[in-house]
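Asker: just a sequence and a predicted model for now, questions to come.
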Amino acid sequence: MKSSIAFSMTAEVLRQVQSTIGSLPAECGGMLGGCRQSGLVSHYYFDGTAGRTTATYSPDVASVNRVLAADWNPRGVDLMGFVHSHPSGSMVLSGGDREYARAILDANPGLGRLLLPIVQSRCDANDFEMKAYVASTQPGDVNVQPVTIDVVDDKEDAGASMFGSLPMFARVGTAYDLRRMERSRIIAVGCGGSASFLEDLARAGLGEFVLIDPDVVGETNLATQQTYRHDFGRTKVAAIGTRIRQINPLACVVEYADALESLSDMDVSFVATTCLRDRLPAMTLLCGMTDNFFAQARVNRLALNFGLPSLCAQVYAEGHGAEITFTHPDVTPACHRCILASRYTAYLEQGFQNTVGSQGTPFVATAALNALKQLIALAILHHGTDHPRFGPLLRRIGSRNLVQMRLDPDAGLPAFAGLDASGDSFFCNDVLWIPRPAQKQPACPDCGGRGDLRVQVGRLSDTRPMRSCRTVTAGRG
Ligand SMILES: [Zn+2]
Ligand SMILES: [Zn+2]
């Protein structure tokens with residue numbers, strides 16, 4: 001018996017599969033949804049809380065059922081099947097997989113068929129690969145046959161902008177591509193000094209926020225961060241979450257009052273891709289905004305492994321200057337580690353420790369940095385849109401991936417040496433857009449220094465350990 005049904009999958013679902021289970025070690029999985037009649041897979045839920053071993057994937061039945069009952073069923077999204085990853089070299093359904101398919105089909109007689117793609121992750125195999133099977137019931141057994149899935153382009157433009165009809169955005173309908181903004185997500189690692197950056201992205205129509213920060217608002221934060229007395233004792237993520245919703249009640253905010261180190265790669269992949277509203281995010285920007293070197297370094301590895309654009313920012317000691325580094329796999333050649341190689345050497349080889357924090361930093365430095373961060377975030381978030389101002393901006397910035405600010409004419413930043421404050425037009429609050437190439441010789445331990453960040457997607461089987469810096473210093477001898 002040949003299966004007559006044809007299956008297709010939107011490019012967006014495929015991209016999400018690649019950037020979750022395709023970039024994590026084997027035996028991860030997710031649920032596929034769409035239209036049973038046409039065979040189109042248009043929805044994906046990454047099962048980031050599944051039970052897994054090196055040999056088995058067991059769906060988190062409770063969370064999968066919750067997504068079906070609370071989200072997919074009410075909107076007419078049919079359950080289509082499950083996708084999961086196998087170790088390198090085994091692209092066929094196991095006996096356990098067949099058993100499981102049969103159990104699902106028996107429990108849901110209306111289903112008829114179940115789509116069961118097997119994926120090989122780039123962590124385990126040389127390349128991402130997907131091979132699909134369709135299972136159907138057969139008396140006493142389950143019938144399984146291979147099936148091809150066509151990938152179809154999905155129009156991001158489909159559907160109207162929800163925010164565009166809100167009175168609050170009446171004056172900025174042309175300032176941003178609100179459709180892109182409302183469907184985009186920021187993952188903010190560090191929500192202290194970046195508080196106003198996050199709030200102001202809500203003013204710019206950003207629709208989805210994932211906030212990660214273990215800190216609680218205290219008295220000294222009043223002078224250094226955008227905080228208020230009524231927030232004392234609350235976590236910073238809860239305080240900012242409240243203010244984002246005060247600005248735009250339709251914004252989705254997920255709050256983690258935890259340090260980044262307590263989140264696994266599965267957790268981060270889950271919050272980067274899971275549906276917070278009726279569709280997958282159009283763009284997920286990962287931001288490292290802590291004064292912790294090791295957290296910033298993990299942000300770099302996470303961005304590389306999951307193919308996410310990223311932005312990292314730091315105020316220098318006492319706010320004499322500040323920097324932003326950013327990556328976009330389509331545009332920039334170097335990772336944050338390439339750009340900041342000497343800092344990695346200082347921390348990892350020379351025992352440097354940053355004890356400065358916000359001590360002695362005037363608020364103007366934080367405010368100026370947040371404004372510039374917003375401009376760069378808008379360039380990244382609008383990338384690929386036809387918005388006349390921000391759509392082409394990232395390509396125009398090009399490889400100028402280290403953005404440095406001088407906030408004091410006597411800051412003594414080497415890059416500004418030629419722009420002496422005694423000259424005509426430069427004084428302070430200057431910005432330099434500095435191109436930093438990939439670090440090829442010796443190769444950057446994180447991105448490989450090949451000048452193409454896309455090749456590193458799915459290559460780190462665990463982003464938590466810091467990769468040795470030894471090769472970096474050896475070349476500097
Ligand atoms: Zn399996
Ligand atoms: Zn690198």
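Answerer: It's in. Numbers count the residues shown, from 1 in each chain. Ligands and ions are numbered 1, 2, ... in the order given.
Asker: and the residue of this structure closest to ligand 1?
Answerer: residue 97 (4.1 Å; CB to the ion). Using the backbone N, CA and C atoms, a C-beta is placed for each residue, glycine as well.
Asker: that residue contacts residue 114, doesn't it?
Answerer: No. Between residue 97 and residue 114 there is no contact under CB atoms under 8 Å: 10.4 Å.
Asker: residue contacts, residue 154?
Answerer: 10-12, 42 (CB atoms under 8 Å, 6 or more residues apart in numbering).
Asker: also residue 42?
Answerer: By CB under 8 Å, 6+ apart, the contact list for residue 42 reads 9-10, 13, 33-35, 77, 154.
Asker: residues near the residue nearest to residue 87 when sequence neighbours are not counted, how many?
Answerer: Take residue 87 and drop its neighbours on the chain: the residue closest to it by CB to CB, 6 or more residues apart in numbering is residue 26, 4.3 Å away. Neighbourhood size, residue 26 [other CB atoms under 10 Å]: 24.
Asker: name the helix or strand for residue 26, please.
Answerer: Using DSSP states H and E, residue 26 is not contained in any helix or strand.
Asker: check the gap between it and residue 195 for me.
Answerer: Note on residue 26: its distance to residue 195, by CB to CB, to the nearest Å, is 40 Å.
Asker: my read: residue 254 touches residue 211, true?
Answerer: Yes. With contact defined as CB under 8 Å, residue 254 reaches residue 211; the gap is 7.0 Å.
Asker: these two: who's more crowded?
Answerer: Applying other CB under 10 Å to residue 254 and residue 211 shows that residue 211 carries more neighbours, namely 26 against 16.
Asker: in what helix or strand does that one lie?
Answerer: strand 208-212.
Asker: for that strand, packing partners?
Answerer: Here strand 208-212 touches strand 184-189, helix 195-203, helix 236-247, strand 252-256, going by 3 or more CB pairs under 8 Å, 6 or more residues apart in numbering; DSSP states H and E.
Asker: go through the third one and flag the buried ones.
Answerer: By that I understand helix 236-247. Along helix 236-247, these residues count as buried under the neighbour rule (16 or more other CB atoms under 10 Å): 236-241, 243-244.
Asker: please list which of those are also close to ligand 1.
Answerer: The subset of those lying close to ligand 1, counting by CB under 5 Å from the ion, is empty.
Asker: helices of the chain, residue ranges please.
Answerer: 11-19, 61-67, 95-107, 178-182, 195-203, 221-224, 236-247, 265-273, 293-306, 336-339, 341-348, 363-381, 393-397, 470-476 (DSSP state H).
Asker: return the most buried member of these.
Answerer: Comparing the helices of the chain by mean neighbour count (mean count of other CB atoms under 10 Å), helix 336-339 ranks first with a mean of 27.
Asker: could you see whether ligand 2 lies near that helix?
Answerer: Yes. Counting by CB under 5 Å from the ion, ligand 2 is contacted by helix 336-339 at 337-338.
Asker: low pLDDT regions in the protein?
Answerer: 1-5, 155-159, 355-356, 421, 423, 469-477 (pLDDT under 70).
Asker: OK, contacts around the residue in the stretch 101-250 of the chain positioned nearest to ligand 2?
Answerer: Nearest residue of the stretch 101-250 of the chain to ligand 2 (CB to the ion) works out as residue 122 at 17.4 Å. Residues near residue 122 by CB under 8 Å, 6+ apart: 22-23, 128, 457-459.
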